[in-house]
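3D, please:
(one chain, ligands or ions: 1)
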Amino acid sequence: MAKPKINKPQTYTIVVKLGSSSIVDEITREPRIANMSRIVETLVKLRRQGHRIVIVSSGAIAVGLKRVGLTSKPKKLSKVQALASIGQGRLIALWDDLFTHLNQTIAQILLTRNDIIDWTQFQNAKNTMNELLDMNIIPIVNENDTLSVQEIRFGDNDTLSAITAGMINADYLFLLTDVECLYTDNPRTNPNAKPILVVEDISSLNVDTSSGSGSGIGTGGMTTKLIAAELAMSAGVTTIINKSTTPENIMKIVKHIQSESLKSDLENHDTPKNLREIHQMTELQNLKINDVPLHTRFIGDSQKVKDKQFWLLHGLKSYGSIIIDIGAYNALTRKNKAGLLPVGVIDIEGSFHEAQCVTLKLGKRDKKTGKLDMSEKLVEVGKARVNYTSSEISKIKGLQSNEIEKVLGYADSEYIAHRENLAFPHH
Ligand SMILES: N[C@@H](CCC(=O)OP(=O)(O)O)C(=O)O
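Have a look, this model is predicted:
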């Protein structure tokens with residue numbers, strides 16, 4: 001007799017971000033060992049169920065502060081970097097101790113933007129993380145604060161966690177913090193503040209970002225969480241805000257999201273505002289009936305950007321801007337997209353080298369002069385990696401490609417940026 005087919009439960013790639021205040025007590029600066037232990041227990045359980053788990057852990061600077069007996073973060077960058085190098089070792093030792101009790105191997109990955117500046121390097125980082133996950137190891141990521149000066153900083157671990165989640169095509173990113181979810185207003189001061197449970201378009205949000213506004217020891221707050229959520233959503237990663245003191249919620253929330261009952265009309269971007277409000281209420285009832293903890297869920301885009309485009313948009317730092325006209329914008333964003341030609345460039349901002357990344361802005365030409373119409377607002381539309389320097393582009397802007405050689409004395413490419421090196425978040 002044929003064996004009955006048993007459906008294996010679905011497994012996911014889950015990135016869990018923990019801020020400094022989840023790891024270090026804000027007053028005593030001692031490690032929050034009980035809290036970390038509960039996180040460890042939960043994540044090991046999830047790992048054993050077959051999920052692939054990555055932690056993005058802050059806390060190096062906070063742990064370093066305690067170690068040398070300082071009470072507040074110094075202003076001098078080199079001092080902060082020194083503290084991070086003291087603290088990071090102890091932080092990872094702490095995680096390793098706790099995970100070792102449950103026989104779980106971890107790995108440390110310290111990143112700066114410099115490490116992913118090159119497409120091959122970005123792919124290398126992704127491959128390494130995937131290799132570790134295939135070996136059932138939990139990678140623990142942090143910014144390499146000791147080496148990261150302003151130019152190569154991610155800046156906050158909310159952003160780093162979103163970039164990590166996008167890089168490894170994670171299913172879920174949990175931003176664990178000091179509030180259970182987003183509210184329409186500060187619930188501590190406004191009793192009418194309502195929880196925001198499902199978000200499909202961050203630009204339509206009207207929230208008080210002071211709830212969960214960052215601790216005295218970290219760098220992020222609710223604003224950086226929203227930026228990170230938007231970034232992760234563009235890569236198709238569903239992002240969840242929840243409390244770090246209840247890590248057990250992760251499993252309940254993942255199960256809930258997967259439940260059929262949640263197939264909502266909200267995922268349709270045209271849903272009118274009043275329907276969205278009704279949906280928030282229905283969702284609230286849903287959570288109560290199913291005994292699911294409150295949380296805010298940002299739905300990952302079903303039309304996620306491709307890996308290379310994600311890297312261009314979020315992995316690279318922008319060194320200036322190129323202002324393009326509407327004709328160029330349409331050509332660059334159509335289905336069979338073109339490369340950026342000098343003729344579509346109205347102007348540039350800043351100074352940058354060849355192969356650096358710049359922001360693309362949409363501007364308007366003055367009808368008479370053909371120059372930039374300064375009365376029109378510029379709109380950021382995408383990013384590009386350029387084939388020419390800013391001074392070269394300022395000489396060839398508005399020209400036909402066959403005129404490049406006459407003006408510059410050489411023509412390395414007919415394009416300012418090749419189509420492969422262009423990315424638009426909404427196309
Ligand atoms: N990388 C730094 C933390 C940076 C950061 O974003 O902190 P937090 O706002 O607590 O997540 C550290 O390990 O101290």
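
CA only for contacts and neighbour counts going forward, please
Fine.

and the stretch 1-150 of the chain, which residues reach the ligand?
Residues of the stretch 1-150 of the chain lying close to the ligand by C-alpha under 6 Å from any ligand atom are 19-21, 58-62, 142-143, 145.

repeat that for 8 Å
Neighbours of the ligand within the stretch 1-150 of the chain, by C-alpha under 8 Å from any ligand atom: 17-22, 57-63, 84, 87-88, 142-145.

of these, which belong to strands?
Among these, the ones falling in strands (DSSP state E) are 17-18, 57, 142-143.

just among those, which is most surrounded?
Of all those, the highest neighbour tally under other C-alpha atoms under 10 Å goes to K17, namely 28 neighbours.

nearest residue to it other than its sequence neighbours?
V56 (4.6 Å; C-alpha to C-alpha, 6 or more residues apart in numbering).

likewise K66?
Closest residue to K66 apart from its sequence neighbours, by C-alpha to C-alpha, 6+ apart: R29 at 5.9 Å.

state the distance from K364 to E30.
56 Å (C-alpha to C-alpha, to the nearest Å).

these two: which has the busier surroundings?
K364 (19 against 14).

quick one on the thing from earlier: of the residues of the stretch 1-150 of the chain next to the ligand, buried ones?
Among these, those scoring as buried are 17-22, 57-63, 84, 87-88, 142-145 (criterion: 16 or more other C-alpha atoms under 10 Å).

what about the helices in this protein?
20-23, 33-48, 60-68, 77-101, 119-134, 157-167, 222-234, 249-258, 273-289, 307-310, 326-333, 390-396, 404-408 (DSSP state H).

among those, which is the most enclosed?
Highest mean neighbour count of the helices of the chain: helix 157-167, a mean of 27 (counted as mean count of other C-alpha atoms under 10 Å).

and that one with the ligand, contact?
Yes: counting by C-alpha under 8 Å from any ligand atom, the ligand has neighbours in helix 157-167: 157-159.

show me the contacts for D307.
By C-alpha atoms under 8 Å, 6 or more residues apart in numbering, D307 lies in contact with 166-167.

show the pLDDT at it.
For D307, the pLDDT comes out at 90.

just give me the closest of the residues of helix 157-167 next to the ligand to A417.
A417 has its nearest neighbour among those in T159, at 26.4 Å by C-alpha to C-alpha.

where does the stretch 151-300 of the chain have low pLDDT?
Counting by pLDDT under 70, the ranges of the stretch 151-300 of the chain that qualify are 151-152, 207-221, 260-278.
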